[in-house]
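Participant: Sharing a model that was predicted from the sequence below.
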2 protein chains.
Amino acid sequence: MPRNTQILLASRPQGEATVDNFQLVVTETPPLQEGQVLVRHHYLSLDPYMRGRMNAGKSYAPPQPLGEVMIGATVGEVVESRHPDYAVGDQVVGMGGWQEYSVVDARQPGVLRKVDTRQVPLSYYLGAVGMPGVTAWYGLVKIIAPKAGDTLVVSAATGAVGSAFAALAKARGCRVVGIAGGSEKCRYALDELGFDACIDYKLHQGDTQSLARVLQQDCPQGIDGYFENVGGWIMDAVMLRMNAFSRMALCGMIAGYDGQPLPMSYPALILTQRMRLEGFIVSEHMDVWPQALQELTGLVASGKLRPRETIAQGLAAAPEAFLGMLKGRNLGKQLVKLI
Amino acid sequence: MPRNTQILLASRPQGEATVDNFQLVVTETPPLQEGQVLVRHHYLSLDPYMRGRMNAGKSYAPPQPLGEVMIGATVGEVVESRHPDYAVGDQVVGMGGWQEYSVVDARQPGVLRKVDTRQVPLSYYLGAVGMPGVTAWYGLVKIIAPKAGDTLVVSAATGAVGSAFAALAKARGCRVVGIAGGSEKCRYALDELGFDACIDYKLHQGDTQSLARVLQQDCPQGIDGYFENVGGWIMDAVMLRMNAFSRMALCGMIAGYDGQPLPMSYPALILTQRMRLEGFIVSEHMDVWPQALQELTGLVASGKLRPRETIAQGLAAAPEAFLGMLKGRNLGKQLVKLI
């Protein structure tokens, strides 16, 4: 019964989230029952959707309960097993939460997935070859559905979703333009992620028209598809450059997670440009995961997708790392190393 | 060479359109050349899209040129023909514009369509069995794509589009809730158009939350599909009641035609409710017209679609009738009788 450090949601944010919303506790893992598996987590994934779950309001998922371990994806290793399909030493991905160990009822379908680390490092199963990668794949393939030569734009371009999006879009012959915060991220997008152009939104802070002008320069044929991660004035600027019959996949609106509703300034463009907008939650489309993961694995194995990671050390560092990610302080996928 | 009265666009509106933006002139129709047909118009259609064309800004269509005859659909009768397919007395629908006669080059495909008035009155080809009816059909069938039992909402419910929408949706086993301005229109929607409920938005003028509460009462299972004709606070209220995986067809945003951009207040709902929004222009989908017109003809012939008309007398009355329609003063399809 190993000692288990956990982080609970202690209180709901009033506006911006703070470290005081979290509480670190130390417990012991309970003895395993028949069918259960004990997983030691190597990495915890920190993702923007978690901020939404911290709010009380009804959304597509129930809110994270107060006083319980924060939700989160983890990769780790089976250290004890009472299920015939899992052996000690198996590497697995699951929703272990913000803690060092989790006890998993492995009889439930889909709660654990064994992974192969010969071609793909273990941590990538939380990013490029995990939920964020499949998110990029679904938005690109199933909603934007581009043809070669299309111009596509993605916000939060250097994050786990954005970097996978770029590799997937380049593989389809598209022009890909990123929007990211800061010159370092934009350099990384151009040098390592294969973006054709990357716009530093911090140079246009809050000025929709100014950002729209730069988008026009970098998208001389207009924009055929947009993968939306942030919402707000950045979405407004992109909409001003969307072509007739363009498609927008909405997957995150980080800018609105702190409570105040963020309006869309020019919805009449949906009509005049005959646009299609579609929101989606990747966990509702499990049928596409095998196909998406196969393509993402291939892109990583061939070096066409080279994601970076920002890694915080130890569970106690998770709240600060999470809040920093919401402000864009990370480069690439934000992880917490737990071992 | 009959005398022809015409109305030209004299100036572009500054904000709200006024009668001074129009100019009435009297000319003579030119002699016919080979392949041309002279049509005497019986009815001119007045439609909201015309307000958009009066603005200078680029939209999906070029603006109405200044000093030229206002664009508009017409039904009428061939009074002279130099084309073998058209004979004097043929009844035709076309884009004759705001004038009593038009000279049409009948060799261009699609500019004139002969119609049959045995089952459908001539004027209906401008409404229920014309562009507005096909607009309702496309948004319902191709975008909202409802299944029996779905709850659907349409704004501008008693107009030419809304009334056709109701009949088409009822034929598919849906619950249909209208939004209209005034108790007379709502009574008409319930008594004659087959709506299951109709909400008078004037009782909630500008109060999104108040309208959303009434929508909840009339849509106890939430809203699966919305046909948007107006935009602004009414769209906001409907969005607050949209179900997961709901669809919104955007076809008009009358409220925004006077210039000021109308924001959408809660775009994050597109994500949290995994909605699909799609704008469309029915003239870009000519392939569906035969199928749509066939169904609409059947609904009229069987009495299941009983559209009303508001008819202004004489071309000189067109500007006033048009401005009144933009303010919702008409009941049903707004026409101008020219003969």
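Facilitator: Sure thing, it's come through. Owing to the predicted nature of the structure, the values given are computational and were not obtained by experimental measurement.
Participant: Can stretch A:270-283 be said to contact chain B?
Facilitator: Yes: judged by CB under 8 Å from any CB of the partner chain, stretch A:270-283 comes into contact with chain B at A:270, A:271, A:272, A:273, A:274, A:275, A:276, A:277, A:278, A:279, A:280, A:281. To be clear about C-beta, it is placed using only N, CA and C from the backbone, and glycine gets the same treatment.
Participant: out of those, which are buried?
Facilitator: Buried members of those, counted by 16 or more other CB atoms under 10 Å in any protein chain shown: A:270, A:271, A:272, A:273, A:274, A:275, A:276, A:277, A:278, A:279, A:280, A:281.
Participant: Tabulate those in CSV, adding columns for pLDDT, secondary structure and distance to residue B:320.
Facilitator: Shown next, in CSV, are these (pLDDT from 0 to 100; DSSP: H, G, I helix; E, B strand; the rest coil; distance: CB to CB, whole Å):
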residue, pLDDT, secondary structure, distance to residue B:320
A:270, 94, helix, 32
A:271, 91, helix, 27
A:272, 89, helix, 27
A:273, 94, coil, 33
A:274, 95, coil, 32
A:275, 97, coil, 35
A:276, 98, strand, 38
A:277, 98, strand, 38
A:278, 98, strand, 42
A:279, 96, strand, 43
A:280, 95, coil, 48
A:281, 92, coil, 51
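Participant: Just say helix, strand or coil for the residue in the stretch 1-150 of chain A that chain B sits nearest to.
Facilitator: Nearest residue of the stretch 1-150 of chain A to chain B: residue A:59, at 4.7 Å (CB to the nearest CB). At residue A:59 the chain is in coil, as set by DSSP: H, G, I helix; E, B strand; the rest coil.
Participant: contacting residues for the closest residue in space to it that isn't next to it in sequence?
Facilitator: Nearest non-adjacent residue to residue A:59, counting by CB to CB, 6 or more residues apart in numbering or on different chains: residue B:272, 4.7 Å away. By CB atoms under 8 Å, 6 or more residues apart in numbering or on different chains, the contact set of residue B:272 is A:59, A:60, A:279.
Participant: Next one: residue B:272 from residue A:264, what distance?
Facilitator: Residue B:272 is 14 Å from residue A:264, where distance means CB to CB, to the nearest Å.
Participant: Could you do residue A:290 as well?
Facilitator: According to CB to CB, residue A:290 and residue A:264 sit 35 Å apart.
Participant: same question, residue A:57
Facilitator: Look at residue A:57 and residue A:264: by CB to CB, they are 19 Å apart.
Participant: More neighbours: these two, which one.
Facilitator: residue A:264 (20 against 9; other CB atoms under 10 Å in any protein chain shown).
Participant: Provide the backbone phi and psi angles at the residue in the stretch 101-250 of chain A positioned nearest to chain B.
Facilitator: Going by CB to the nearest CB, chain B is nearest to residue A:250 of the stretch 101-250 of chain A, at 4.6 Å. Here the main-chain torsion angles of residue A:250 (degrees, to the nearest 10) amount to phi -110, psi 120.
Participant: Name the nearest residue to residue A:119, ignoring sequence neighbours.
Facilitator: Closest to residue A:119 by CB to CB, 6+ apart is residue A:301, at 4.5 Å.
Participant: hang on, the one you found packs against residue A:117?
Facilitator: No: in this structure residue A:301 lies outside contact range of residue A:117 using CB atoms under 8 Å: 12.0 Å.
Participant: Enumerate the residues of the stretch 201-339 of chain A near chain B.
Facilitator: Residues of the stretch 201-339 of chain A lying near chain B (CB under 8 Å from any CB): A:231, A:235, A:244, A:250-253, A:256, A:261-268, A:270-281, A:284.
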